[in-house]
Each structure stands twice: as C-alpha cells, then as structure tokens.
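Asker: sequence and predicted structure below; questions after.
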Amino acid sequence: MPIYHTLGTIPPKRHTVFRKPNGDLYAEELVSTEGFSSLYSLVYHCHPPTIVKSLGEPYNVEPKIAREKHLRHTSLIGFNIKPEDDYLKSRKPVLVNSDLHISLAAPRKSMTDYFYKNSQADEVIFIHEGSGTLKTGFGKIKFEYGDYLVVPRGTIYQLEFNDENNRLFIVESFSPIRTPKRYRNQFGQLEEHSPYCERDIKRPQDLETIDEVGDFKVLIKKQGIMYPYTYGTHPFDFVGWDGFHYPWAFSIHDFEPITGRLHQPPPVHQTFEGHNFVICSFVPRKYDYHPLSIPAPYNHSNVDSDEVLYYVDGDFMSRKSVVKGQITLHPGGIPHGPHPGTVEKSIGKEKTEELAVMIDPFRPLMLTQDAVDIEDESYHTSWQINVE
C-alpha cells in the first residue's frame, strides 16, 4: 500500500549502525518488490532472518484441474466447502489461471503450530464470516466481517480467529495487488473521485517484538510447492520497521458507491487491481435516478474477460435463488444478463442492499476438482423462458 508507515524503533539513517542495549547489532533486512524498483520496507530484527535449522520434505499443493476449457455459465455453492480445523488444509482453490487463484476456506482453528509465507503471490483474504487478528512481524491487524486483508508476497503470518465459524474468499495474485491507478495522483495519493481514501485503510498496529530462539515451523509456498522450514528464531522478532511494503486491510463497508442517473458500468465498483484482472465491490447504494431508468443490469457479452461474482449478503435484483457464498462464473465468449422477470421488477426501485465481490480476469479461468464437487449443474439453464 503506497502510504509510508513505521512502527517500533529504527535508527535515524538507513544502513547505519543500530545496536541493542547489550551492544550487539540488530539485523537489518530490506524487503523489496520488483527487484529494487518498487515498494519496499526496511526491517530491523533481533536476529538475522537467515537462521535455518532444518528443511522438511517439500510437497505439491498445485490445484487439481478438472475442467481446463469450457464455455458454460457456472455456479458454485461455496458454503458446501466443508470446514476443516487447519487453515492451510481448509483452503480449496476453485477457479484458477496463470494470473490468479481463487479459493474458498472454512478454517475452524487459529494458526498456532506453524507460520505461513506465500512467496509466489500477494493474497487478498475477504472475511465473509468470522473475526480475529492477522499477526505478522510488521504488527497486528484486527479483522471482522467484510474486511479485505491484503498480505504482500513474502510476508510471514498467522491468523488468529475468535471462534470456529469462519468463511473466507481468497485471491492469490501472481502480480502485486494495487489500488486502481485511475484513483491515484502522480504521488500515489488517492484522489477526490476515489470511492475510498487513506483514512479507510487499516495498517498494522501493536508491534510486539518476540525475541525467542527455538524451533519455529514456517511453511513457504513457491511455484506450487510447499517447503517446510524450521527456523531457529521467532519470525516476529521485528524491533522496528518503516516503508511502503506491509500488510493492510480495507472494509467493503467503507467503499462509497458511485451512482448516476443511468445504470453505471462495473468499473465504478473497482476496488483493487492486479495484472490481467480487477477486484470490485458491490455494496448497498441508491439506484439510478433518471425517470425512465432501468436499475437491473443490461445483457452483456463478455468478449475479452470472464466474470466472477461472489455473493456475500443481501437481495440481488438481477438474479433469482442466490445464496450466501455462491459463486457465479460467466465465461468470456457468450452473453449473460438478468434472470427473466427481474428487469421489469427492478423498474421504480430506489436502492439495493446487495453485497458482493466481483473479479474480472482477462485470461480464462479453469475449474478445479474442488469446484466441480460443489457445482450447481443446472445453473446454465436458469435463463429459460417460454418463447413459443
């Protein structure tokens, strides 16, 4: 997130002597992205972050593709993903391509026996149900229903849940997650027309320096392989840090919708962007106020992109029989639109209470076996009407 932030104790100048009370040096680490050409932070550890005691046997965690090529409107009943105790085992990739992986998870237990680092992707973890604390060396971020947790690649973290009722919608991005470029000025500040601003961003707080030696298990994912590392010092031994590279959070409830006299196109809902895809937020809002406006969306031919909608809450005026946690995938190449009767029904309505996350990828998505297992196989026929 391009906002300067700092926590803890740091020296006046970077790359200079910085000593502990006993006279030993703190270990400086540069955490940088895109080589040395983009966002970075400088971290000061109690111990060097390189003390590896042992390596376990790597294992494959690549998604199992069940349907690589397809041209059918698809619906997945997300809450049919069964809860599991372990956080990483609970994560089920359902829609994937070379730019991003979309997963569903229902973890029951907090991460206590290990730490996790995704070294291949930024993660956007949407909290559909549950609350708790994201713990990292950068500090802590409390989260609740509706929060997007943005965890940059290479960040070691743990999730602490307040109870066992948790539902997560997770996007792994193989490119950096950014705020949309058109919302920012040349200095990176979110401009007046942006639907949210820096005041809405939750940054790490409550830095706790854990100066411990021992055996600390860190599971590191890289190129679809999980590598079990055992480090000799606690990963959260930061005494201080500063910079622009760190985890942050934004609540979907703080997204201020852009409305108009006529139906607004999906880009007005954009919240984040990655390479070859965008993430959008549909939130409660006033409908269009032209006297002849039709609030329901028009039929749309996806020519260059798939469209994914993850339904969070509320009543969706363009679809029938929508349930929480449902995912719809409308692939590029064929049109989709409102269900029969919903266009007429929407005329005269003044507002909607819908809440959803939308992802538009510009490369086709593949379905995994976990997706096929929760598929509503009749969804593609749900637009049928009697035309005789």
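Answerer: On my side now, so go ahead. Residues are numbered from 1 along each chain as shown.

Asker: CA only for contacts and neighbour counts going forward, please
Answerer: Noted.

Asker: who are the neighbours in contact with Phe236?
Answerer: 136-138, 208-211 (C-alpha atoms under 8 Å, 6 or more residues apart in numbering).

Asker: list buried residues within these.
Answerer: With burial judged by 16 or more other C-alpha atoms under 10 Å, the buried subset of these is 136-138, 208-210.

Asker: hang on, the earlier thing: which single one of the contacts of Phe236 is nearest to Lys13?
Answerer: Using C-alpha to C-alpha, Phe138 comes nearest to Lys13 of the contacts of Phe236, at 19.4 Å.

Asker: next, work out how far apart the closest one and Pro235 are.
Answerer: Going from Phe138 to Pro235 by C-alpha to C-alpha, to the nearest Å gives 10 Å.

Asker: what's the answer for Glu208, then?
Answerer: 11 Å.

Asker: need the overlap of contacts for those two.
Answerer: With C-alpha under 8 Å, 6+ apart, Glu208 and Pro235 have common neighbours Gly137.

Asker: which stretch of helix or strand covers the nearest residue to Val323 once chain neighbours are set aside?
Answerer: Leaving aside its sequence neighbours, Val323 sits nearest to Tyr311 (C-alpha to C-alpha, 6 or more residues apart in numbering; 7.1 Å). For Tyr311, the host element (DSSP states H and E) is strand 307-313.

Asker: mean confidence score for the helix or strand following that strand?
Answerer: Counting by DSSP H and E, the next helix or strand C-terminal to strand 307-313 is strand 326-330. For strand 326-330, mean pLDDT is 97.

Asker: now do strand 326-330: which elements does it pack against?
Answerer: strand 74-77, strand 307-313 (3 or more C-alpha pairs under 8 Å, 6 or more residues apart in numbering; DSSP states H and E).

Asker: and these as TSV, adding distance to Asp288 and mean neighbour count?
Answerer: Below are these laid out as TSV (distance: least, C-alpha to C-alpha, whole Å; neighbours: other C-alpha atoms under 10 Å):
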stretch	distance to Asp288	mean neighbour count
strand 74-77	28	22
strand 307-313	21	21
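
Asker: figure out which of those is closest to Ser131.
Answerer: strand 307-313 (15.4 Å).

Asker: could you spell out the sheet neighbours of that closest one, each with its direction?
Answerer: strand 326-330 (antiparallel), strand 355-361 (antiparallel) (DSSP bridges).

Asker: show me the helices in the protein, by range?
Answerer: 87-90, 342-346, 369-372 (DSSP state H).

Asker: run a quick neighbour tally on Tyr59.
Answerer: 12 (other C-alpha atoms under 10 Å).

Asker: typo on my end, it should be Met358
Answerer: Neighbours of Met358 (other C-alpha under 10 Å): 21.

Asker: so it sits against Phe277, correct?
Answerer: No: taking C-alpha atoms under 8 Å as the definition, Met358 is not a contact partner of Phe277, at 10.4 Å.

Asker: relative to Gly132, how far out is the closest residue to Asp211 other than its chain neighbours?
Answerer: The shortest distance from Asp211 to any non-neighbouring residue, by C-alpha to C-alpha, 6+ apart, is to Asp237 (5.3 Å). With distances taken as C-alpha to C-alpha, Asp237 is found 21 Å from Gly132.

Asker: and for Pro295?
Answerer: 37 Å.

Asker: ok, these two, which is more surrounded?
Answerer: Per other C-alpha under 10 Å, whichever of Pro295 and Gly132 has more neighbours is Pro295, with 28 against 18.

Asker: quickly note the distance from the more buried one to Glu84.
Answerer: When Pro295 is compared with Glu84 (using C-alpha to C-alpha), they lie 40 Å apart.

Asker: and the pLDDT at Leu88?
Answerer: For Leu88, the predicted pLDDT is 98.

Asker: count of neighbours near it?
Answerer: Using other C-alpha under 10 Å, Leu88 has 14 other residues around it.

Asker: just the ones of the contacts of Phe236 in strands?
Answerer: Counting by DSSP state E, the part of the contacts of Phe236 found in strands is Thr136.

Asker: make TSV from the contacts of Phe236 and add pLDDT and distance to His245 to it.
Answerer: Compiled in TSV, those are given as follows (pLDDT from 0 to 100; distance: C-alpha to C-alpha, whole Å):
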residue	pLDDT	distance to His245
Thr136	98	13
Gly137	98	12
Phe138	98	10
Glu208	97	18
Thr209	98	19
Ile210	98	21
Asp211	98	22
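
Asker: and which of the contacts of Phe236 is nearest to Lys109?
Answerer: Nearest to Lys109 among those, with distances taken as C-alpha to C-alpha, is Thr136, at 17.5 Å.

Asker: find the nearest non-adjacent residue to the closest one, please.
Answerer: Leaving aside its chain neighbours, Thr136 sits nearest to Tyr157 (4.7 Å; criterion: C-alpha to C-alpha, 6+ apart).

Asker: look up which residues are beta-bridged to that neighbour.
Answerer: Tyr116, Thr136.

Asker: in contact with it, which residues?
Answerer: 115-117, 134-137.

Asker: do the same with Val357
Answerer: Here Val357 is in contact with 279-282, 309-312 (C-alpha under 8 Å, 6+ apart).

Asker: swap in 10 Å and give it another go.
Answerer: Val357 is in contact with 126, 169, 252, 269-271, 279-283, 308-312, 327, counting by C-alpha atoms under 10 Å, 6 or more residues apart in numbering.

Asker: again with Lys142
Answerer: Applying C-alpha under 10 Å, 6+ apart, the residues near Lys142 are 131-135, 149, 159-161, 202-205, 249.

Asker: then Ser281?
Answerer: Contacts here follow C-alpha under 10 Å, 6+ apart; on that basis Ser281 touches 252-253, 255-257, 266-272, 309-310, 355-359.

Asker: distance of it relative to Val323?
Answerer: Distance of Ser281 to Val323, computed by C-alpha to C-alpha: 17 Å.

Asker: how about Ala106?
Answerer: 17 Å.

Asker: so the two - more neighbours on which side?
Answerer: Ala106 (29 against 17).

Asker: in contact with the residue lying closest to Leu309 once chain neighbours are set aside, which residues?
Answerer: Spatial nearest neighbour of Leu309, excluding adjacent residues (C-alpha to C-alpha, 6+ apart): Met358 at 4.5 Å. For Met358, the contact set (C-alpha under 10 Å, 6+ apart) comprises 266, 269-271, 278-282, 307-311, 327-328.
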